[in-house]
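In: sequence first, predicted coordinates after that:
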Amino acid sequence: MGLTGFRGLYPFVKKNAIGEDIKQLKVAGFYNVPLKLKGIIQSEPVVRIGDAVKQGTLLARPAGKFGLNIFSPVSGKVLNILDKMSPEGEYCKHILIMTNDKDEVLDMPELESISDINLVNRLRDAGVVDTISHMPSYLKYAYTGSRSYKHLLVLMDSTDPNSTVNQTITEFRMEEVVNGAKYFMNMTSAGQITFVFNESNYRLAAKLKKHILESKKNYDFKIKFIPNKYPFDNPYILSSLVLRKKITAKSSFLQEGIAIETSEACYNFCRAVEFNKPVISKIVTVDGTNVLRPGVYNVLNGYSFKNLLNDVGIESHDAKSQLISGNILSGEALYDTEASISLLDDTILFQKYNILEKVKESPCMTCGKCISVCPVFINPTVLDDAFISGDYDKLEKNNVHSCIECGCCSYVCPSKRFLAQRIASAKYYDKKRRNWR
Ligand code: SF4
Ligand code: SF4
C-alpha cells in the first residue's frame, strides 16, 4: 500500500439522513436484548426471569475475551431469557424485557477521579463499543496499557456512502464529543487530539474549532481533512493519510501507537464519565429508497427492525424489499425483521426491490475496473480465482489479509462478480485454517 494516491470511489449516493438532530423513538412494550454482537462480542446474563429492572440495570456481563456489559434499555421486568435468531442468522441468547410505566433509572456510581485507570474502567463498565473494530472500546486500552498510544485520531464524520451518524453527533452533541475526546486523550500519551473531517465538511470543522476556542478548553488539538472518497475513513487508510504511518496485516495500530476513535465513542464516553450513564442505545442512520422518513435515530438496545421500519415509514410493502445492515457496498442483507438492532449497527438501509439491480454473475471480462478502485492495491481477480480453486498459498502471496472488505471491487464490476464476498470468505477460512485468534 502506498502512502498517497489511494484509490476508492467518489460520492455516488445522495445521503438523505443529514442536517437534522438525532430523533428519539417512543418507548415500545418489549425489548429483546441480544447477548452476542456480530458473532464476536459475547455476554452472559446476570438477571433471572421475573427480576424487576430499571433503565441502566446490568443485564449481562462479559463472557470470554471479547465480552461486554449490557444494560437494560428501559424499566420493566425480565420476561424471558431465550435463544433467538440474531440479524446475522445465528442463534444466541436474548433477554426479553417487558416495559413498565415507572420510568425508573439506575445510574452508575460517580467516578472518584479521572485517573487513566479509572477512565479505562469506566469505558469497560459503561459498555462502550468501538464501531470501527467491532470490539468493546476498553480492550485496546486495558490489555496493552493505555499509555502505549502516542497518536489519537477522532473521526468526526464519514466518507461512507450512507452513514451520517458521526457527522450528526458532532454537529448536535459537540460539547459531549470534545469532552469525551479529552478523556480518551487523558488515557493515552498522545498530548494532542487530531480531529479528522471529510474535506466536504469545512463548515462543521470550523464550528468545532470555534466551539473549543470559545469554551476555553485547555487542550491541544488539530484538525485534518481527508478526501471525500470511500473508504478513506477506514483506519488503515486514515493512518497513512493523516499520520503517514503504514499499517499492514502484519503490523498493528498498537505497534505504531495509534488509537482511532469516533465522535460517537467520545459522546458515549463523556456520558459515562460526566453523567454516569451506561450505553443503552445505538445511534443509527436509517435511509434507503423505501424509507419515508430517513434520519438519524436513537434506538434503544433490543428494539426490533420491524418496529423501527414502522417508525420511519415504508413506501412499498413489497415482500422483496431489501433490508441491509451497513452501507450499499459492503452491508449485509437481513432476512428477519423480528431480529433486534445491534449496538454495532451503524446504518440500516431499506431498499425497494424494483430499483435493485438483478445480480447474476457472469465470467470476468478482464476489464481491470476492480483493480483500479481497490484502495489497498491488491488484485481482486487473482484473489477471487485463488479462493475458487482453494489455493491458499496464492491467497497469501497476494495479500488476501490486506483486504479491508470495502466492497468497491464488486460494486464496479460489470460482470457482477461477488468479489468482495468471496475475498472476505477467503480471509475467514484462511484464518480458521491457521487457527488464528
Ligand atoms: S473489498 Fe477488498 S479487494 Fe475489494 S476493493 Fe475493497 S479492499 Fe480491495
Ligand atoms: S471488474 Fe469484474 S469483469 Fe472487470 S476485471 Fe474485475 S472481476 Fe473482471
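Out: Received, thanks. Ligands and ions are numbered 1, 2, ... in the order given.
In: quickly find the element holding the closest residue to ligand 2 within the stretch 51-200 of the chain.
Out: Nearest residue of the stretch 51-200 of the chain to ligand 2 (C-beta to the nearest ligand atom) works out as residue 161 at 18.6 Å. All C-beta spots, glycine's among them, are computed from the backbone N, C-alpha and C. Counting by DSSP states H and E, there is no helix or strand that carries residue 161.
In: ok, the closest residue in space to it that isn't next to it in sequence - contacts?
Out: Leaving aside its chain neighbours, residue 161 sits nearest to residue 13 (4.3 Å; criterion: C-beta to C-beta, 6 or more residues apart in numbering). With contact taken as C-beta atoms under 8 Å, 6 or more residues apart in numbering, residue 13 is in contact with 161-162, 328.
In: compare those and tell me which is most surrounded.
Out: Neighbour count (other C-beta atoms under 10 Å) singles out residue 162 as the most crowded of the contacts of residue 13, with 26 neighbours.
In: which ones are touching residue 79?
Out: 30, 49, 96-98 are the contacts of residue 79 under C-beta under 8 Å, 6+ apart.
In: and the helix or strand where it lies, how far out from the chain middle?
Out: Assigned by DSSP H and E, residue 79 belongs to strand 76-85. A distance of 25 Å separates the centroid of the chain from that of strand 76-85, by C-alpha atoms, centre = their mean, to the nearest Å.
In: excluding its backbone neighbours, what's nearest whichever residue of the stretch 151-300 of the chain sits closest to ligand 1?
Out: As assessed by C-beta to the nearest ligand atom, ligand 1 sits closest to residue 231 within the stretch 151-300 of the chain, at 7.4 Å. Distances taken as C-beta to C-beta, 6+ apart put residue 406 closest to residue 231, at 4.2 Å, once the chain neighbours are dropped.
In: pretty sure that neighbour belongs to a helix, no?
Out: No: under the criterion used here (DSSP: H, G, I helix; E, B strand; the rest coil), residue 406 is coil, not part of a helix.
In: any idea how many residues pack against it?
Out: With other C-beta under 10 Å as criterion, residue 406 counts 24.
In: and stretch 253-262, how far apart are its ends?
Out: Terminal residues of stretch 253-262 are spaced 15 Å apart (C-alpha to C-alpha, to the nearest Å).
In: equivalent analysis for stretch 125-143, please.
Out: Stretch 125-143: ends 15 Å apart by C-alpha to C-alpha.
In: in that stretch, what's buried?
Out: By 16 or more other C-beta atoms under 10 Å, the buried positions in stretch 125-143 come out as 125-132, 135-142.
In: hang on, the earlier thing: for the residue of the stretch 51-200 of the chain closest to ligand 2, give me its contacts.
Out: Residues near residue 161 by C-beta under 8 Å, 6+ apart: 9, 11-13, 15, 230, 327-329.
In: tell me the one of those nearest ligand 1?
Out: Using C-beta to the nearest ligand atom, those come closest to ligand 1 at residue 329, 8.4 Å.
In: residue 123 and residue 269 touch, don't they?
Out: Yes: Residue 123 is within contact range of residue 269, at 6.2 Å (criterion: C-beta atoms under 8 Å).
In: circling back: quick one: pLDDT of the residue of the stretch 151-300 of the chain closest to ligand 1?
Out: Predicted confidence (pLDDT) for residue 231: 93.
In: thinking again about what came up before, what residues sit buried inside the strand holding residue 79?
Out: 76, 78, 81, 84-85.
In: TSV for those, including distance to residue 394 and pLDDT?
Out: Listed next are those as TSV, based on distance: C-beta to C-beta, whole Å; pLDDT from 0 to 100:
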residue	distance to residue 394	pLDDT
76	55	98
78	52	98
81	46	97
84	40	89
85	36	83
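In: adding distance to ligand 1, write those out as a markdown table.
Out: Formatted as a markdown table, these follow (distance: C-beta to the nearest ligand atom, whole Å):
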| residue | distance to ligand 1 |
| --- | --- |
| 76 | 42 |
| 78 | 41 |
| 81 | 38 |
| 84 | 31 |
| 85 | 27 |
